[in-house]
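*Asks:* Sharing a sequence plus its predicted fold:
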Amino acid sequence: MSVSVIGAGAFGTALAVSLASKGQVALWGRDTGWARERENPRLPGVRLPAGLQVTARLEKIDSETLLLALPAQVLGGFLTEHADWLDGRRLVNCAKGIDLATLTGPSALIAAACPKATVAVLTGPSFATDIARGLPTALTLACADPQAAEALQTDLTTASLRLYRTTDVAGAELGGALKNIIAIAAGAAIGAGYGDSARASVVTRGFAEMQRLASALGARPETLNGLSGLGDLVLTCTSEQSRNFRYGLALGAGRPFAQGTTVEGAATARAVSSLARQKGIEMPISDLVAGLAEGRIAMKHALNLLLNRPLKEE
């Protein structure tokens, strides 16, 4: 099998389902007891195609290209545990976040653990259910090596999954990570009853924050204006299919959120808040989301914190 997916959550399974339309694909997960039913409970209603092999044994996978569809805060540990097995392959990160321990993105973690690997990033506006059901989806594939990027683009594009390539790994990765924070803030605005106008303000000013930090970390502005930045931001700030948006809704309404559900933006907000302080960059919405997620700030005070900031030009 030329391509395998590491991580059998909803998104990893969806990618595997899409890729299986082109040939044999392996999907690895720690708990694969559900595979006998040929349906992942995290992706209900989607039957696994015959060409998709599910396994809990990494040694069964010999693909040159591996899509790493693991949560951002889990990736570092997996890399440490399996670095020797992973090194030398083409490793495509699919997580959207910033590691809390190192304050770096997934591609830096991969490069440090696997120096002989080709590192790429697959990101952009997408929901697992849409990909799995074959609905048209466009994503960004970022790789610093143009030739490797072209090869990966060919291997990973399917009839319903269209990939646009870029060499701006930092921009693509940061767009995917930072938009999750803004999606939480947008959800909180709606959950608290502030209305769509408030959400529009949060999204717009949040995008300005994304651009500030990404530019300081070496990203190209045009990347943030594309699928992996603005495109993903619009999607996750306007749909309840987004876990980050739903988490924000719960925060804003003062309701508990589904326990055990991965919300990448909550941990990323904490990481970004720390990183922004180190860099001397103002990130008020990110700071606010970090405070809400940690319980340091109550939603009833959140709006005042933003509205009482000093007046300035846009």
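*Replies:* Thanks, I have the structure now. Numbering: from 1, shown residues only.
*Asks:* Mind telling me what element residue 200 is part of?
*Replies:* Counting by DSSP states H and E, the element that carries residue 200 is helix 196-216.
*Asks:* Now do that helix: which elements does it pack against?
*Replies:* Packing partners of helix 196-216 (3 or more Cβ pairs under 8 Å, 6 or more residues apart in numbering; DSSP states H and E): helix 169-191, helix 221-224, helix 232-238, helix 264-279, helix 284-294. C-beta coordinates here come from the backbone N, C-alpha and C atoms, glycine included.
*Asks:* can you do 10 Å?
*Replies:* Judged by 3 or more Cβ pairs under 10 Å, 6 or more residues apart in numbering; DSSP states H and E, helix 196-216 is in contact with helix 169-191, helix 221-224, helix 232-238, helix 243-253, helix 264-279, helix 284-294, helix 299-307.
*Asks:* Most tightly packed of the ones you listed?
*Replies:* The highest average neighbour count among the helices and strands packed on helix 196-216, using mean count of other Cβ atoms under 10 Å, belongs to helix 169-191 at a mean of 29.
*Asks:* can you state the direction angle for it and helix 284-294?
*Replies:* Computed by axes from the mean of the first three to the mean of the last three Cα atoms, to 10 degrees, the angle separating helix 169-191 from helix 284-294 equals 70 degrees.
*Asks:* average pLDDT for helix 169-191?
*Replies:* Averaged over helix 169-191, pLDDT sits at 97.
*Asks:* With stretch 2-12 instead?
*Replies:* 96.
*Asks:* What of stretch 269-277?
*Replies:* Mean predicted lDDT for stretch 269-277 stands at 96.
*Asks:* How about stretch 144-153?
*Replies:* Across stretch 144-153, pLDDT averages out at 97.
*Asks:* tell me the mean pLDDT over the helix holding residue 200?
*Replies:* Average pLDDT, helix 196-216: 95.
*Asks:* quick one: the helices in the stretch 51-200 of the chain?
*Replies:* 72-86, 106-113, 128-132, 146-156, 169-191, 196-216 (DSSP state H, counting those that start in this stretch).
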